[in-house]
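Colleague: Sequence plus the predicted model coming up.
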Amino acid sequence: MPRLDKKDAKSINIDQVVSYLNHTFAKKAEEVFGSKARSAIRGTPLYTYQVDHCYLVDEIQRGPTYMLPKVISSANDNIASMKNGENQQESS
């Protein structure tokens with residue numbers, strides 16, 4: 001029977017986190033920017049959010065383990081800021 005260390009019990013399931021972030025991003029983007037059918041064109045706010053999201057997901061998948069909590073938090077902040085950024089543009 002394999003022995004489970006505390007590190008194994010506390011480790012972050014990267015695939016599950018990335019899947020959650022991708023689904024959350026897609027859902028929020030659809031709420032804020034409209035239908036999935038609209039494509040993100042370079043220079044639009046949606047394109048900027050998608051590029052940032054892709055870089056953060058890449059950092060989660062390929063970056064050092066000790067940085068995961070900070071990068072996951074940044075990815076969540078990016079998703080949360082999507083709504084705030086859209087509201088600021090509408091009021092301008």
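Modeller: Thanks, I have it.
Colleague: Which helix or strand contains the spatially most central residue of the chain?
Modeller: Nearest residue to the geometric centre of the chain (C-alpha atoms, centre = their mean): residue 75, 4.0 Å. Residue 75 is part of helix 68-91, with elements assigned from DSSP states H and E.
Colleague: Can you check what pLDDT the model gives residue 31?
Modeller: You'll see residue 31 listed with a pLDDT of 88.
Colleague: Does it belong to a helix, a strand or coil?
Modeller: Three-state call for residue 31 (DSSP: H, G, I helix; E, B strand; the rest coil): helix.
Colleague: Okay, buried residues for stretch 11-29 please.
Modeller: 14, 17-18, 21, 25, 28-29 (16 or more other C-beta atoms under 10 Å). For glycine as for every other residue, the C-beta is placed from the backbone atoms N, C-alpha and C.
Colleague: now stretch 41-49
Modeller: For stretch 41-49, burial by neighbour count (16+ other C-beta under 10 Å) applies to 46, 49.
Colleague: can you check stretch 62-76 too?
Modeller: Neighbour-count burial for stretch 62-76 flags 68, 71-72, 74-75 (criterion: 16+ other C-beta under 10 Å).
Colleague: Residue 11 versus residue 53, what's the distance?
Modeller: Counting by C-beta to C-beta, to the nearest Å, the gap from residue 53 to residue 11 is 23 Å.
Colleague: can you check residue 60 too?
Modeller: 13 Å.
Colleague: Ok, residue 73 next?
Modeller: Counting by C-beta to C-beta, the gap from residue 73 to residue 11 is 17 Å.
Colleague: quick one: buried residues of stretch 52-59?
Modeller: Residues of stretch 52-59 classed as buried: 52-53, 56-57, 59 (neighbour count, 16+ other C-beta under 10 Å).
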